[in-house]
Every structure is written in structure tokens, then in C-alpha cells.
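J.: prediction below, plus the sequence it came from.
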Amino acid sequence: MEWSDSWRGAFRIELRAEAVNLAWHGWPVLPGTYPAGDRWAGRDGVEHDGPAPVHHDWQERIGTKAERVATWWAGHSYSILLATGHGVDAIEVGADLGRRAAVALRAAGAPAPILATPSGRWMFLVTTGESLRADWVADHDIHHYGQGEYVPLPPTPFQHGVVHWRVKPQICAWQLPRPGVVQDALTEAVHAPADYGLLTAERL
């Protein structure tokens, strides 16, 4: 898919508005590279398989106020990245397991903000400061993003679609569950029957 200048222009305002909104809520957002062809090229000329921070000193910019964040996107088409390990972490799983876990969280009255990538991965946003069991993570194709890492946030574009919310932060009143809460939901989902929560999951 060719990302034309007109397409970039159409998304620029939306990307900037979302980045500023996230920063106002205290989320550590950063500008990321934008797709060109089938790769993301950074300012350093290095190509990446996905969006990467635009600034080489991105870790020093974490926690920048919303007013300054707004200037980063002024006149630029940048992806939106979330620097994990600074109040917000992310737990990434496959789409099928993600749907099941989302149903379990809803049933428990503990919804979490959830985003999905065009490649079929779901990410549950959680608080920082609690690790998942390493053996459990390895067994279920799960990645816990923490200190020194980052994930893309909606509406960051990919070649074959955009990152989008499955559960928006507003639904949870911008409150994040602990990683252990999501791990419990994932554990329940792993051991649930194949049709577990199917009708509910179809609405996610």
C-alpha cells in the first residue's frame, strides 16, 4: 500500500490530537517513524520492521508535557509510541487468546485498555512494577513490554492497516489493571473451552 502525501496529511491532525490527549492523561507518548514503502526509515537512516522512536534520545524525553508533545507533531506525520515502564506497561498476545482474556476481564468487572495491530496481535495496557512469570510467558507466546521498550498506539499506521482500540481507555476511566489481573484472565482463557464467551468476544 502506498502512503501518499495526501494520505499522510489526512491523518496528521488525528495523530497529533490523539498524542496530545494521551499526554494530558499522563501517558508517556513519543513520536515514531512513519511507513514508507514496506519499511520504516528513521532519521538515522536505519530501516526497521515497525515504527521506532524518531529521536535517538527518546528515553530522555519520556514524561514530556502535553504542550511540548503537541509541537512534535506540528507539521509532521509521526506514529504514536508509548514508552513502557513509566506507569504503563503492555502485555502482548495473539488475537484469539486476547479475545478470550478480554471476555474474562469483562466478566470480572476489570476491563483493561486493549489495542490491536494489523498483524493480529492484541496488547493489554497495565500498570508498571509487576513482572509476569517467565515460564508462563514463554509457554503462551506472550511478551511483557516494560522498561526500555515501546509499543505503537492508535491510530499508528502500518502497511496493511492501522493500530486500533479494541477497548478504549475511556471505557476504563483511564484506569489500568495490575499485570497480575490480566495474567489471571489470560490463564482462565487458556484453559477455557473453544467456544468460551464467543458471543461476547464477537463484540470486542
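T.: Structure's in. What do you need? Numbers count the residues shown, from 1 in each chain.
J.: which of the helices and strands in the protein ranks last by mean pLDDT?
T.: The weakest-scoring helix or strand in the chain, judged by mean pLDDT, DSSP states H and E, is helix 198-201 (a mean of 46).
J.: can you show me the helices along this structure?
T.: Along the chain, counting by DSSP state H, helices occupy 5-24, 66-73, 95-107, 134-139, 179-190, 198-201.
J.: quick one: contacts of the fourth one?
T.: Here helix 134-139 makes contact (Cβ atoms under 8 Å, 6 or more residues apart in numbering) with 142, 143, 144, 183, 187. Quick note: C-beta positions are derived from backbone N, CA and C, even for glycine.
J.: buried ones from these, can you make that a PyMOL selection?
T.: In PyMOL, a selection of the buried entries from the contacts of helix 134-139 looks like this (16 or more other Cβ atoms under 10 Å):
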select buried, resi 142+144+183
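J.: nearest to residue 162 among the contacts of helix 134-139?
T.: Residue 162 lies nearest to residue 143 out of those, by Cβ to Cβ, at 20.7 Å.
J.: tell me how many other residues surround the nearest residue to residue 12 once chain neighbours are set aside.
T.: Leaving out its chain neighbours, the residue that sits closest to residue 12 by Cβ to Cβ, 6 or more residues apart in numbering is residue 77, at 4.9 Å. By the criterion of other Cβ atoms under 10 Å, residue 77 has 20 neighbours.
J.: could you check the pLDDT of residue 77?
T.: With respect to pLDDT, residue 77 scores 82.
J.: same deal with residue 39?
T.: Predicted confidence (pLDDT) for residue 39: 54.
J.: number the residues from 22 up from this point.
T.: Shifting the count to begin at 22 puts that one at residue 60.
J.: measure residue 87 to residue 202 for me?
T.: Distance, residue 87 to residue 202, using Cβ to Cβ, to the nearest Å: 28 Å.
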